[in-house]
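>>> sequence and predicted structure are below.
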Amino acid sequence: MSSRPAPEIQTSGFDKMIELAGWGCLILLWIITIFSYARLPEIIPTHFDASGQADDEGSKMVLFFLPVIGTLLFVVLTILNRYPHIFNYPVAITADNAQKQYSNAVRMIKILKLSIVVTFTILVLLISGAASSGDGSLGIWFLPVVLALVFVPIAFFLYKAYKEK
């Protein structure tokens with residue numbers, strides 16, 4: 001790792017757009033949480049099983065855990081993304097492939113950050129809706145969508161990393 005070339009990451013317009021969308025979704029997450037909180041009952045669904053059915057309840061204050069955790073993950077990944085030369089890569093990093101691999105990894109982290117805040121935003125909306133309606137369900141589609149939001153970009157960027165070795 002110490003012999004890896006120093007990163008010289010070029011940020012494209014697409015990368016800037018993804019980063020801006022991530023920050024925008026993070027702000028939206030906080031806004032939705034704050035405005036939803038006032039209209040929620042004191043007890044809301046706080047945990048769901050794999051089929052999206054509520055299986056635990058708690059204080060509506062728990063809703064604030066989502067934007068807090070989302071913000072922490074977003075900020076930590078933003079800081080980590082400044083140091084792509086310390087990441088683990090599926091291929092050996094050489095002077096010839098370093099910039100492509102670094103750019104690929106940085107873009108993957110940016111897209112994962114966006115996926116995380118989108119997931120947390122959807123979750124706040126669904127929990128607020130479930131609590132307000134008394135339904136107590138996220139829907140059967142929630143888990144597959146969340147898994148796809150996380151694992152499809154990872155699979156794509158790993159494929160790209162192997163392809164550009």
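Yep, that arrived.
>>> the most centrally placed residue in the chain: what's it in contact with?
Against the mean C-alpha coordinate of the chain, by Cα atoms, centre = their mean, the closest residue is residue 116 at 1.5 Å. For residue 116, the contact set (Cβ atoms under 8 Å, 6 or more residues apart in numbering) comprises 70, 73, 74, 77, 150. C-beta coordinates here come from the backbone N, C-alpha and C atoms, glycine included.
>>> which one is the fourth one nearest to, not counting chain neighbours?
In space, residue 77 comes closest to residue 113 once its chain neighbours are excluded; the distance is 5.0 Å by Cβ to Cβ, 6 or more residues apart in numbering.
>>> buried set for the strand or helix carrying the one you found?
Taking DSSP states H and E as the criterion, residue 113 maps to helix 98-133. By 16 or more other Cβ atoms under 10 Å, the buried positions in helix 98-133 come out as 98-99, 101-128, 130-131.
>>> what do you get for stretch 43-59?
Buried residues in stretch 43-59, defined by neighbour count with 16+ other Cβ under 10 Å: 44, 45, 46, 48, 52, 54.
>>> part of a strand, is the last one?
To tie it back to what came earlier, the one meant is residue 54. Yes. Per DSSP: H, G, I helix; E, B strand; the rest coil, residue 54 lies within a strand segment.
>>> count of residues packed around residue 13?
Residues near residue 13, counting by other Cβ atoms under 10 Å, number 7.
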